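Student: using only what follows, build the 3D model:
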Amino acid sequence: MTAIMTIVLDTTTKSLEVVMSGAALSTNPDFTASYADDTGTALTEGANDGALNGTTPVTLVAAPASSTRRVIRTVTIQNRDTAPVTLTIRLNNNTTLRQIATPTLQVGDTWTTDGTFDSNGNLKYILTSSTISAPPLSSYDPWQNYALNSVTLISGNTNTSGPVYFYPFNLPQPVAARHVNIMQSWAANAMSSGSTGSVTVTSNWGVYFRPAGANSTILSLLTSNSLTMQFTLSNAGSSFQFSQVTTTNDTGYAYGLFSNTNESNYSGLKQAQLLLLTTLTQGQYWLGFFDRQSSAGNAVTGQYSLIGSVISTYAPAPFGSQSSAYTSGTNQLLGIGGPWPLFGSWTSAGQSALPSTVALSALTANLGGIPFMSFATTR
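Tutor: Numbers count the residues shown, from 1 in each chain. Okay, here's the model as predicted:
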């Protein structure tokens, strides 16, 4: 195939370079480049190869000598990592940077000046004057056909540690997932009208993905965030205060303290906007939930529950296996048995935060529902 993109370096100050948006998970991408130097009287071919270096720029093709035009024929960059990588290919003109392309390569993908190819050599899209690709969605509902009945899927932990819950979802194309909206039920209760005390509830969430190759048996944390709510009973039980989120934007959460004499005003169904602040590429992910609680005194309690819809495909057995071997509480078998779409929870002694990785075989089949959730871009 003839190269569709031709880049010419016509001065001694111009070079072609690439930089990654972050460090590789395990292996930096490889690159190759070929070019020809035209002096007007001779044409000399040349080549370069190497590996990228995370957020440190790497020169793909160096600047030519004086009175020489260096014509870049081909460039290839292959993602050998176990996770997607985002690149910026740019022209460096005497430290003035001109962006050429910012592709996100899935595992095994190869970006070239002819286009991007998957691990089987299939052309994914061609680079011309514009890129033919699906633009990121600004909003997306992963489960558009769920039943409209709402039930409590999980109740928040009432201690400083507890299980982490995982819900899988698929994206048909990239989503600019600045936030994900979910439905929760909050409960705040004053236990003693003549006492003082407080309870603090911290909610943690994260997006996980399943790497390729040797790491395909785990879930790996991609991005995460958290928020904190606090209920306080003071003034000998006559005043109830609630520290809550007042605004949500790309910089994070803003909190405010509100007083009331009736804690029930803060209980009931709530829509929570969870910060993600990332663009997710096409593929399968898991939304992980974890919360912890601490208290001072016994005057007040607070707890949240995740609201969603029941699913009937709950812990089926694979064909040819005893059905009794696959019930609630059975560990996952990499998608064979256990909850059909790899729903599950994970617990480790003293777990007080989201784990960076979780073995799929360690997920327990005890979730029978999908949360109400919708990705949105809100600034």
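
Student: any idea which helix or strand of the chain has the worst average confidence?
Tutor: Sorting the helices and strands of the chain by mean pLDDT, DSSP states H and E puts strand 330-331 at the bottom, at a mean of 48.

Student: would you mind giving the domain segments of this structure?
Tutor: Domains of the chain are assigned by automatic domain parsing as 7-125, 140-376.

Student: TSV for these, including mean neighbour count?
Tutor: In short, each C-beta sits where N, CA and C put it, glycine included. Below are the domains of the chain laid out as TSV (neighbours: other C-beta atoms under 10 Å):
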stretch	mean neighbour count
domain 7-125	16
domain 140-376	17
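
Student: for those domains, which has the smallest mean pLDDT value?
Tutor: Note on these: domain 140-376 shows the lowest mean pLDDT, a mean of 74.

Student: what's near enough to touch the residue of the chain most remote from its centre?
Tutor: Largest separation from the mean C-alpha position in the chain: residue 41, at 53.4 Å (C-alpha atoms, centre = their mean). By C-beta atoms under 8 Å, 6 or more residues apart in numbering, the contact set of residue 41 is empty.

Student: distance of it from residue 292?
Tutor: Distance of residue 41 to residue 292, given as C-beta to C-beta, to the nearest Å: 73 Å.

Student: which stretches of the stretch 251-379 of the chain form strands?
Tutor: Here the stretch 251-379 of the chain has its strands, by DSSP state E, counting those that start in this stretch, at 252-260, 268-280, 283-296, 300-310, 330-331, 344-346, 357-359, 364-365, 369-371, 373-376.

Student: for the ones you listed, which one sits closest to residue 15?
Tutor: For residue 15, the closest of the strands of the stretch 251-379 of the chain is strand 268-280, at 28.5 Å, according to C-beta to C-beta.

Student: that closest one packs against which elements?
Tutor: Packing partners of strand 268-280 (3 or more C-beta pairs under 8 Å, 6 or more residues apart in numbering; DSSP states H and E): strand 175-190, strand 197-209, strand 218-234.

Student: apply 10 Å and report the result again.
Tutor: strand 175-190, strand 197-209, strand 218-234, strand 239-249, strand 252-260, strand 283-296, strand 300-310, strand 373-376 (3 or more C-beta pairs under 10 Å, 6 or more residues apart in numbering; DSSP states H and E).

Student: so what strands line up beside that strand?
Tutor: If you go by DSSP bridges, strand 268-280 pairs up with strand 175-190 (antiparallel).

Student: in PDB, list the C-alpha atoms belonging to the strand it pairs with.
Tutor: Output of strand 175-190 as PDB, limited to C-alpha atoms (Å, rounded to 0.1, in the frame of the first residue of the first chain):
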ATOM      1  CA  VAL A 175     -17.300   7.800  25.500                       C
ATOM      2  CA  ALA A 176     -16.100  11.200  27.000                       C
ATOM      3  CA  ALA A 177     -17.000  10.000  30.400                       C
ATOM      4  CA  ARG A 178     -16.500  13.100  32.500                       C
ATOM      5  CA  HIS A 179     -19.100  11.700  35.000                       C
ATOM      6  CA  VAL A 180     -21.300   8.600  35.500                       C
ATOM      7  CA  ASN A 181     -24.700   9.200  37.100                       C
ATOM      8  CA  ILE A 182     -26.100   6.600  39.400                       C
ATOM      9  CA  MET A 183     -29.100   6.300  41.800                       C
ATOM     10  CA  GLN A 184     -28.600   5.900  45.500                       C
ATOM     11  CA  SER A 185     -30.800   5.800  48.600                       C
ATOM     12  CA  TRP A 186     -29.500   7.600  51.600                       C
ATOM     13  CA  ALA A 187     -30.600   7.000  55.200                       C
ATOM     14  CA  ALA A 188     -29.700   9.300  58.100                       C
ATOM     15  CA  ASN A 189     -31.000   8.500  61.500                       C
ATOM     16  CA  ALA A 190     -30.600  10.200  64.900                       C
END
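
Student: tell me the angle it makes with strand 218-234.
Tutor: 40 degrees (axes from the mean of the first three to the mean of the last three C-alpha atoms, to 10 degrees).
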